[in-house]
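> Build me a model:
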Amino acid sequence: MLTADERRNELVMRRWTPDERTIVVRGLFGRLAIAVEPAIISALFCVFTIELLRLANDGNADHEGLQLLAPIFALGAAAFAVYAVCLLRAPLRALRETYGPIFIVDGYIRTRGRDDFSERGSSGYIAVLTHDRRVACEWPAIGDGDLPMRTDAALLEFCEDGGIITLDGRSTGVLPKNFHNIGVRSNSPPR
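Got it, this is the predicted structure:
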């Protein structure tokens, strides 16, 4: 398999277009809209923690023991903060990738079934092969059953983390052409 440096030295590359980057940014904003809720809950739990500690130390006899509740809210605040960060990790990585190249290969696309190292839910692997049949990049596929062992000639555009963007000039859906603002209604059933 080609290393990242070999891909950059040997393969044809192009920059991301503004429209392609906009799709990724819209996806990021959609995920950000989801991450707002755990972030707000985390901030609220932080306020509860601080207020419980303040009340426990104000000298009022009725507030004794409140400091025992503060760690519970502090743990909740940390858990919701971690959840909010985890929600944003993948879209931020995708946005970072838009500043890297999109590779263009006139070679082959190869599919193969699962192996002993496949993760649960994997149906195998999809790879882009160069004209001399070296693996340029490979990604796990998700689905039911095993992918067949098959190699077909193709003109491919791909990015390292995102996968194959176009196959013989047709979009694979990795980077949809029509992506509603922040992703609302993007996954609606076909008409």
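> what sits against the nearest residue to Gly162 once chain neighbours are set aside?
For Gly162, ignoring the flanking residues on the chain, the nearest one in space by Cβ to Cβ, 6 or more residues apart in numbering is Val174 at 5.5 Å. Just so you know, the C-beta spots here come from the backbone N, C-alpha and C atoms, and that holds for glycine as well. In this structure, Val174 makes contact with 162-165, judged by Cβ atoms under 8 Å, 6 or more residues apart in numbering.
> Can you tell me the SS state at Phe103?
Of the three states, Phe103 takes strand according to DSSP: H, G, I helix; E, B strand; the rest coil.
> Double-check it against Asp161; I have them as touching.
No: with contact taken as Cβ atoms under 8 Å, Phe103 and Asp161 are classed as non-touching, separated by 12.0 Å.
> Have a look at the two and say which one is more surrounded.
For Phe103 and Asp161, the more surrounded residue by other Cβ atoms under 10 Å is Phe103, and the numbers stand at 23 against 13.
> hmm, back to that, put together CSV for the contacts of Val174, with pLDDT on each row.
Compiled in CSV, these are given as follows (pLDDT from 0 to 100):
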residue, pLDDT
Gly162, 83
Gly163, 88
Ile164, 92
Ile165, 91
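> same for the longest helix anywhere in the chain, what does it pack against?
The helix that spans the most residues within the chain, counting by DSSP state H, is helix 18-56. In terms of contacts (3 or more Cβ pairs under 8 Å, 6 or more residues apart in numbering; DSSP states H and E), helix 18-56 is packed against helix 70-97.
> Can you give me the distance of the residue positioned nearest the centre of the chain to Ile34?
The geometric centre of the chain, computed from its C-alpha atoms, lies nearest to Ala90 (Cα atoms, centre = their mean), at 2.9 Å. Remark: distance between Ala90 and Ile34 (Cβ to Cβ, to the nearest Å) = 12 Å.
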